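Novice: Here is the input, now give the coordinates:
(one chain, ligands or ions: 1)
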Amino acid sequence: MMLEPFVTHEPHAKPDGDFLDAVLHGLSLPKKSLPSRFLYDAHGSNLFEHITELPEYYPTRTEIGLLKSQAREIGAALPSGAVVVEFGSGSSRKTELLLAALDRPAAYVPIDISAAALYPAARRIALSFPDVDVYPVLGGFHDLERMRLPLGDSRLVGFFPGSTIGNFSQRAAVEFLLSARRLLGPGAVFLLGVDLQKPLDILLPAYNDADGVTAAFNLNLLARINRDLEGTFDLDAFEHAAIYNERHQRIEMHLRSLAAQSASVAGRTFSFAAAETIHTENSHKYTPEGFERLARDGGWEVSQVFVDKNRFFSVQLLA
Ligand code: AVJ
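Specialist: From the prediction side, this is the model:
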């Protein structure tokens, strides 16, 4: 379709200049950790796409199943002529399902930090939904505060699928919800994918798949450090570990050192004891009550919850 409706905003997004700072900082902490957003370089994003197709990884297919099978109910709960604002839109794969469920959606505002993901996906949506105006916005979650939507409308529908909110700490999740509230305004609603607590025999294999794709995804972070930051990590000397932290009700991904060793990054050396880990990701699992509290702390009220028949995953409508 035409590119006329595309409005490109000044990119607030920092390039990967902060990768080095984050790695030097994270490896200097008494408990080593690295921010999970760095897992998603081009190679990591491909590996994650592969993860979403694994038999053990239930979240993506369950959420897509929900958006399809309950499309009528979801559509009925949302305003007609909606303006959909998606946070971290990536490939916008689930967006088509939401737009198809809505009554005459007016506009789509995908927000993503990766221009390479944002613009092709925005163009694809514009082509498949000729009546929807598409306004891609290049930016990250930290830019939300400074963003201004060019729409000033009361039919705003925020969209944040994938249970990405589960990767945030409690505090970051509350701050994100408050920012989204400020950006979208008091009349808006917000549709989020939220992963639910479930037995460990389902949960653990989802993050420890038999083919080792999740292991490759996790270890790619060290490969990326070697590639981009003159790192000297021996990839065979670390293993992927995913554990359930009962106290924090979350899956944690770690990279565990198989021996006492050291590795350097941009000329700085870090030592690792045998079995010491680098914490690389959290994926919180919620109870409906727990998420309700979180939403309230973030300035929203849960108005409707859509779940699959196994109660593995939820799509939550906040108002
Ligand atoms: C895309 C961040 C929601 O936490 O389940 C998948 C990322 N990490 N396997 C998740 C992930 C390991 C995924 N999120």
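
Novice: For the stretch 101-250 of the chain, just list every one of the strands.
Specialist: 107-112, 133-134, 137-138, 156-160, 189-195, 238-245, 250-257 (DSSP state E, counting those that start in this stretch).

Novice: Pull up the gap between residue 35 and residue 88, please.
Specialist: From residue 35 across to residue 88, the span is 14 Å (Cβ to Cβ, to the nearest Å). Where you see a C-beta, it was placed from the backbone N, CA and C, and this is true even at glycine.

Novice: Quick check on those two: which one has the bigger neighbour count.
Specialist: Neighbour tally, residue 35 and residue 88, criterion other Cβ atoms under 10 Å: the higher count belongs to residue 88, 20 against 16.

Novice: My guess is that one contacts residue 112. True?
Specialist: Yes: between residue 88 and residue 112 there is a contact at 5.9 Å, judged by Cβ atoms under 8 Å.

Novice: which stretch among the strands of the stretch 101-250 of the chain comes nearest residue 82?
Specialist: strand 156-160 (4.6 Å; Cβ to Cβ).

Novice: Tell me the gap between stretch 283-296 and the middle of its chain.
Specialist: Computed by Cα atoms, centre = their mean, to the nearest Å, the separation of stretch 283-296 from the middle of its chain amounts to 16 Å.

Novice: what about that stretch, average pLDDT?
Specialist: In this model, stretch 283-296 has an average pLDDT of 98.

Novice: All further residue positions should be reported with the first residue as 47.
Specialist: Sounds good: first residue 47 from here, last item stretch 329-342.

Novice: close to the ligand, is it?
Specialist: Yes: using Cβ under 6 Å from any ligand atom, stretch 329-342 comes into contact with the ligand via residue 329.

Novice: Now that stretch: buried residues?
Specialist: 329, 330, 331, 332, 336, 337, 338, 340, 341 (16 or more other Cβ atoms under 10 Å).

Novice: what ranges do the helices span in this protein?
Specialist: Counting by DSSP state H, the segments of the chain that form helices are 63-72, 88-97, 104-115, 117-123, 141-147, 161-174, 216-230, 246-252, 259-274, 334-343.

Novice: neighbours around residue 293, how many?
Specialist: 5.

Novice: swap in residue 309?
Specialist: Per other Cβ under 10 Å, the neighbour tally for residue 309 reads 20.

Novice: Look through the stretch 197-346 of the chain and state the residue closest to the ligand.
Specialist: Of all residues in the stretch 197-346 of the chain, residue 329 sits closest to the ligand, at 3.3 Å by Cβ to the nearest ligand atom.

Novice: Show me which residues of the protein sit near the ligand.
Specialist: So the chain meets the ligand at 97, 105, 208, 209, 210, 212, 213, 253, 260, 299, 327, 329 (Cβ under 6 Å from any ligand atom).

Novice: Quick one: residues contacting the first one.
Specialist: Read that as residue 97. Contact partners of residue 97, counting by Cβ atoms under 8 Å, 6 or more residues apart in numbering, are 103, 255, 259, 260, 263.

Novice: Buried subset of the residues you listed, written for ChimeraX?
Specialist: For the buried members of the contacts of residue 97, the matching ChimeraX selection, counting by 16+ other Cβ under 10 Å, is:
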select :103,255,259,260,263
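
Novice: Could you save the contacts of residue 97 as a markdown table and add columns showing pLDDT?
Specialist: Shown next, in a markdown table, are the contacts of residue 97 (pLDDT from 0 to 100):
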| residue | pLDDT |
| --- | --- |
| 103 | 98 |
| 255 | 98 |
| 259 | 98 |
| 260 | 98 |
| 263 | 98 |
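
Novice: returning to what we had before: can you tell me which of the buried residues of stretch 329-342 lies closest to residue 128?
Specialist: Nearest to residue 128, judged by Cβ to Cβ, of those is residue 341 at 19.9 Å.

Novice: got a list of what that closest one touches?
Specialist: With Cβ under 8 Å, 6+ apart, residue 341 has these contacts: 223, 347, 348, 362, 364.

Novice: just checking, the first one touches residue 346?
Specialist: Yes: with the criterion set as Cβ under 8 Å, residue 223 and residue 346 qualify as a contacting pair; they are 6.0 Å apart.
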